[in-house]
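Undergrad: Predicted model, plus sequence, below.
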Amino acid sequence: MQLSDSQVLRARRNEEREEVDEARGLVCLLTPVHPERALSRALIQHLAQEMPDITFTLRASEPVSALWICGYEAGSAAAVAGLRARHPDAILLVTGRDDPQAWREEALAAGADLACGWPVPFEDLSRYLHRTRVS
C-alpha cells in the first residue's frame with residue numbers, strides 16, 4: 001500500500017512532534033485573542049508553576065503538540081481556523097469568559113477540538129492539553 005504525499009507529510013510531522021514531546025514534554029502554544037505580552041508572560045510563568053510537565057510558549061514558530069486560544073469571543077473563528085491550518089495535528093483548546101453556549105459551536109466548526117468557558121480548573125486544563133487529536 002502506497003501512502004499519499006499528505007499521509008507521508010502527516011507521519012513526518014507526527015514523528016517530529018513525538019521527538020519534541022520526548023525531549024521537552026508537551027509543548028503548548030498560548031494564543032490570547034487580545035494579546036498583551038506582559039500579561040501573557042505572567043500567565044505562562046504561573047502556568048509553568050501549576051503544570052510543570054507542560055512547556056508553554058508564545059512563539060508560533062516552535063513545534064507544538066497543543067494550542068490554547070484564550071479569551072475567545074464570538075466572531076473569532078478565523079483565528080481558530082488559521083491555527084488549525086498551521087497545526088493540523090495538534091490538540092486545539094479554546095476558552096473564553098463569555099457564555100460558551102454563544103460561541104462553542106462556532107469555535108468547534110472552525111477547527112477547535114475542545115471549547116469551554118473560563119476559568120477552568122488546572123487539572124482539567126492539563127488533561128485537555130494532554131489529549132491526543134483524533135483526525
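TA: Yep, that arrived.

Undergrad: Excluding chain neighbours, what is closest to Arg86?
TA: Nearest non-adjacent residue to Arg86, counting by C-beta to C-beta, 6 or more residues apart in numbering: Ala60, 7.5 Å away. All C-beta atoms are positioned from the backbone trio N, CA, C, and that covers glycine.

Undergrad: how about the strands in the chain?
TA: For the chain, strands defined by DSSP state E occupy the ranges 26-32, 54-57, 66-70, 91-96, 114-117.

Undergrad: can these go into a markdown table with extra columns for distance to Leu83 and mean neighbour count?
TA: A markdown table is the format used below for the strands of the chain (distance: least, C-beta to C-beta, whole Å; neighbours: other C-beta atoms under 10 Å):
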| stretch | distance to Leu83 | mean neighbour count |
| --- | --- | --- |
| strand 26-32 | 7 | 21 |
| strand 54-57 | 13 | 20 |
| strand 66-70 | 5 | 23 |
| strand 91-96 | 6 | 24 |
| strand 114-117 | 13 | 18 |
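
Undergrad: any chance of those strands in TSV, with mean pLDDT and distance to Arg133 too?
TA: Converted to TSV, the strands of the chain look like this (pLDDT from 0 to 100; distance: least, C-beta to C-beta, whole Å):
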stretch	mean pLDDT	distance to Arg133
strand 26-32	93	13
strand 54-57	94	16
strand 66-70	95	9
strand 91-96	96	5
strand 114-117	96	10
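
Undergrad: so can I have JSON lines of those strands showing distance to Arg84?
TA: Putting the strands of the chain into JSON lines (distance: least, C-beta to C-beta, whole Å) gives the following:
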{"stretch": "strand 26-32", "distance to Arg84": "12"}
{"stretch": "strand 54-57", "distance to Arg84": "18"}
{"stretch": "strand 66-70", "distance to Arg84": "8"}
{"stretch": "strand 91-96", "distance to Arg84": "6"}
{"stretch": "strand 114-117", "distance to Arg84": "13"}
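
Undergrad: right, and these - which one's nearest His46?
TA: Set against His46 and scored by C-beta to C-beta, those come closest in strand 54-57, at 9.5 Å.

Undergrad: Alright, calling it a day.
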